[in-house]
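In: structure for the following, please:
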Amino acid sequence: MSPNAKQLTNTRVLVAKIPQDVAPNKSHFRTVVLTEESPALQNNEVLVQNIIFSLDPYIRHEFAEGQEETKVIGFAIAKVVDSKNVGFPVGALVLSPSNWESYTHVSRPENIAELLRIDELASPKVPLSAYNGILGIPGYTSWDSLHSVGNPKAGETIYVSSAAGTLGQLTGQLAKRKGLRVIGSAGSDEKVAFLTKELGFDAAFNYKTEDKREALTRLAGERGLDIYYDLVGDDTVEVALDLLNPRGRVVSVGILSLHQNQAPPAPHNLVNILFKQLRFEGYLVFERTENLGKFWEEVTPLVESGEIKFKETVLESGVETLAENYLALLAGKWTGKVNVKVASL
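Out: Next up is the predicted model:
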């Protein structure tokens, strides 16, 4: 140990490798509390204190050869507490690719490239947690994928699955602003009412209590569908391929069903892509961040004014609760973005 090194008390969540045939459960996670030496930073590296974690359906984790568990990699609003990077000075607030822990050493080049400074643009009129959601990477994903892949046009009909989540909420409202008819689905009657009564969706249905093909066929009607904004990656795509109009679009953005260990779909009607001349395209946000500035410029005033509405949950609890809250998220416990605030600024 270096005689001048600072000591950190770091609470950290570790994840065991999750077999392909089971959904994540509490037995896959373990929390440890460690006293560690503050890292000696190299050029461009930073050390951040994690403040508000974003909980998302996926967890990104890698396993070194022979290891049974590793750190969970997520995203957080964080404060820079040590820096060798001129773009991210000590005290700056950032969106950080952070492990589920109190302090994260951001050192890998691909993770440094994902750092985004937000203290210079954060609006005092919206909660800071919004930059994990509707004004963060999830919101940008919705905005950019809808425009670049969905190519929406006034008078068209769009169907958004998992519409009560952060991406679904914003996608539906942006589509309405462009003059589209918007249909959504969610997993509870409360969420369905939220979509239609608060967000202005034209129609919505509960996919847990209604047959998806029957409900979507009824709500699409003779006009059919022009865009399917897919956030679940389940067998709904087969229904959508039948209902899409010629030159319709499928925007593939999420795979919630796979995170919940549902069997991947095997559509039997892919021939529709050919004969209807459909566009079926996947979207990965970190290959398309060049328009972030335009997104903030357009959407921030709409969120500030309340023209764009959003619902989020901010849980104030410790790092040690991240795993149980993540599992509750997968079970659909909350509506909209779920954040866990683990420290104060």
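In: lowest-confidence helix or strand of the chain?
Out: The helix or strand of the chain with the poorest confidence is helix 256-259; it has a mean of 54 (mean pLDDT, DSSP states H and E).
In: buried residues in the following helix or strand past that one, which are they?
Out: The helix or strand immediately downstream of helix 256-259 is helix 271-275, counting by DSSP states H and E. Using 16 or more other C-beta atoms under 10 Å as the test for burial, helix 271-275 gives 272-273. (Each C-beta comes from the backbone N, C-alpha and C, glycine too.)
In: how about residues contacting helix 271-275?
Out: Judged by C-beta atoms under 8 Å, 6 or more residues apart in numbering, the contacts made with helix 271-275 from elsewhere in the structure are 241-242, 244, 278, 280.
In: out of those residues, the closest to residue 85 would be?
Out: For these, the minimum distance to residue 85 (C-beta to C-beta) is 39.6 Å, reached by residue 280.
In: the nearest residue to that closest one once chain neighbours are set aside: which element?
Out: Using C-beta to C-beta, 6 or more residues apart in numbering and skipping residues adjacent in sequence, the residue nearest residue 280 is residue 250, 4.4 Å away. Using DSSP H and E, residue 250 sits within strand 244-252.
In: one step back: quick one: which of the contacts of helix 271-275 is most hemmed in?
Out: Within these, neighbour counts (other C-beta atoms under 10 Å) peak at residue 244, which reaches 25 neighbours.
In: please name the residues that touch the closest residue to that one other than its chain neighbours.
Out: For residue 244, ignoring the flanking residues on the chain, the nearest one in space by C-beta to C-beta, 6+ apart is residue 225 at 5.0 Å. Contacts were defined as C-beta under 8 Å, 6+ apart; by that measure residue 225 touches 157-159, 183, 216, 240, 243-245, 248.
In: ok so, going back, so can I have TSV of the contacts of helix 271-275 showing distance to residue 327?
Out: Putting the contacts of helix 271-275 into TSV (distance: C-beta to C-beta, whole Å) gives the following:
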residue	distance to residue 327
241	32
242	34
244	34
278	36
280	32
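In: now, those that are in strands?
Out: 244, 280 (DSSP state E).
In: per-residue pLDDT, residue 78?
Out: If you check residue 78, the pLDDT there is 98.
In: go on, the one 5 residues further on?
Out: We have a pLDDT of 97 for residue 83.
In: what about it, how many neighbours?
Out: The criterion is other C-beta under 10 Å. On that basis, residue 83 has 19 neighbouring residues.
In: try residue 39
Out: If you count neighbours by other C-beta under 10 Å, residue 39 ends up with 16.
In: list the residues that contact it.
Out: By C-beta under 8 Å, 6+ apart, the residues touching residue 39 are 45, 47, 82, 105, 107.
In: mind running it again at 7 Å?
Out: By C-beta atoms under 7 Å, 6 or more residues apart in numbering, the residues touching residue 39 are 47, 105.
In: where's it relative to residue 32, distance?
Out: Separation of residue 39 from residue 32 (C-beta to C-beta, to the nearest Å): 17 Å.
In: could you pull out the strands for the stretch 201-345 of the chain?
Out: Secondary structure of the stretch 201-345 of the chain by DSSP state E, counting those that start in this stretch: the strands cover 203-206, 225-230, 244-252, 279-282, 312-316, 337-341.
In: which of those sits closest to residue 124?
Out: Taking C-beta to C-beta as the measure, the strands of the stretch 201-345 of the chain were each checked against residue 124, and strand 312-316 came out nearest at 16.9 Å.
In: just to revisit the earlier point, what pairs with the residue nearest to residue 280 across the strands?
Out: Using DSSP bridges, the bridge partners assigned to residue 250 are residue 228, residue 280.
In: now for it: which residues touch it?
Out: Residues near residue 250 by C-beta under 7 Å, 6+ apart: 228, 230, 237, 240, 278, 280.
In: and the contacts of helix 271-275, which two are furthest apart?
Out: For the contacts of helix 271-275, with distances taken as C-beta to C-beta, the pair at the greatest spread is 242 and 280 (13.7 Å).
In: just to revisit the earlier point, give the buried residues for the strand holding residue 250.
Out: Applying a neighbour-count criterion of 16+ other C-beta under 10 Å, the buried positions in strand 244-252 are 244-245, 248-252.
In: max pairwise distance over those: which two?
Out: Farthest apart among the buried residues of strand 244-252 by C-beta to C-beta are 245 and 252. That separation is 18.1 Å.
In: name the residue closest to the centre of this protein, please.
Out: residue 138 (4.5 Å; C-alpha atoms, centre = their mean).
In: now the contacts of residue 225: which count as buried?
Out: Looking at the contacts of residue 225 with 16+ other C-beta under 10 Å, the buried ones turn out to be 157-159, 183, 216, 240, 243-245, 248.
In: about what we covered before: pLDDT for the contacts of residue 250 - can I get that in CSV?
Out: Converted to CSV, the contacts of residue 250 look like this (pLDDT from 0 to 100):
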residue, pLDDT
228, 98
230, 95
237, 94
240, 97
278, 97
280, 96
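In: which one of the residues you listed is nearest to residue 131?
Out: residue 230 (25.4 Å).
In: so who does that closest one touch?
Out: The neighbourhood of residue 230, defined by C-beta under 7 Å, 6+ apart, consists of 161, 237, 250-254.
In: which one is residue 136 nearest to, not counting chain neighbours?
Out: Beyond its immediate neighbours in the sequence, the residue positioned closest to residue 136 (C-beta to C-beta, 6+ apart) is residue 95, lying 6.2 Å away.
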